[in-house]
Structures are given as structure tokens and as C-alpha cells.
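Participant: build me a model:
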Amino acid sequence: MDLKLEVIVLPVSDVDRAKAFYEAAGFRLDLDKAASEDWRAVHFTPPGSECSILFGKGLTSAAPGSTQGLYLIVSDIEEARTDLTGRGIEVSEVFHDAAGLLYHGHEAGEVTHQIEGQERLAGLHPDRASYGSYATFSDPDGNGWVLQEITERLPGR
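Facilitator: Here you go, the predicted model:
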């Protein structure tokens, strides 16, 4: 049986502000529907993705900005970062982990939270290893996204 992750609900405080952000980031608007003053759903899909995001009013009780670690996989992290920054999105500099660990931290304002044992180093992975280079950004509420460069998939993927 296939189990396909297709939609992630993001908690936001201002639906129109979030909509403008994801439009600016180049996500495709799939739906913006309001059934009442208390319920509205806005659905976006990142370019090339089979998984979408959904946010709005009356959709979740989670605190705005509480979703972290949303990975966007890219084949060229420098190109992806340049594209997003060119669209007005603030994206961190590219970084890698000294031990080659999967990046588990997130940015909250100016403070970067990391998992013990990680050492976040500036720049691309020295070997430009697939799965090894990252950049991060957040939407206006602080929902955290991670760009990860993957050029060659691990076996079984």
C-alpha cells in the first residue's frame, strides 16, 4: 500500500500576509476558499513538489510559526538560494555540518538552535556531497524551511 504525504497544514496568524509570502517565494496557488468569516483555506504547492501546504483560518489549533523542519530538496542550493533571495525572501547563507549529520536545527529570529553534536560550518559541503549542504528561511510567522541539496539519492530512494 502506498502512503503519500500530500499536504502539510501550517499555522499562520495573518492569512493574507502568508499568502503574499508564498506567492513571492514562487509557490503555485491552488486554492483560496472562504466558507465563512471563521473558515478559510489557502493551498499552495512548491515548484516541482508533489506535497503541498495548506493554511488559513479555522484549520488548526497549533501556534502560528510552530512548524519547523520543512525540507525543500533542490539540485543546486546556490541557484535555489539566489532565486529565493531575488524574490525578496530572506535566506540564510549556505552551510554544512562538520560531522556530516542531517541538519536538525532551525532559526528563530537571530538565534540558531542545533542538536548536540552538530557543528554548523559556513559554505557548501567541502566535497559538495549530496545531502550535505543547507540553507534556511522562515515565513512571516516563523514556520521554518530548510533547503537541502541532493544530487544523488541514497539507494532505495
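
Participant: going forward, measure contacts between C-alpha atoms and count neighbours the same way
Facilitator: Fine.

Participant: OK, contacts around the residue lying closest to residue 96 once chain neighbours are set aside?
Facilitator: Nearest residue to residue 96 in three dimensions, chain neighbours excluded: residue 133, at 4.9 Å (Cα to Cα, 6 or more residues apart in numbering). Residue 133 sits next to 77, 94, 95, 96, 97, 123, 124, 125, 148, 149 when contact means Cα atoms under 8 Å, 6 or more residues apart in numbering.

Participant: mind redoing it with 6 Å?
Facilitator: Going by Cα atoms under 6 Å, 6 or more residues apart in numbering, residue 133 touches 95, 96, 124, 125, 148, 149.

Participant: just the closest of the residues you listed to residue 25, please.
Facilitator: Of all the contacts of residue 133, residue 148 has the smallest distance to residue 25: 16.3 Å, by Cα to Cα.

Participant: hang on, residue 82 in a helix?
Facilitator: Yes. Secondary structure of residue 82 (DSSP: H, G, I helix; E, B strand; the rest coil): part of a helix.

Participant: can you get me a residue count around residue 124?
Facilitator: The number of residues packed around residue 124, counting by other Cα atoms under 10 Å, is 20.

Participant: Three-state assignment for it, please.
Facilitator: Under the three-state scheme (three-state DSSP), residue 124 adopts coil.
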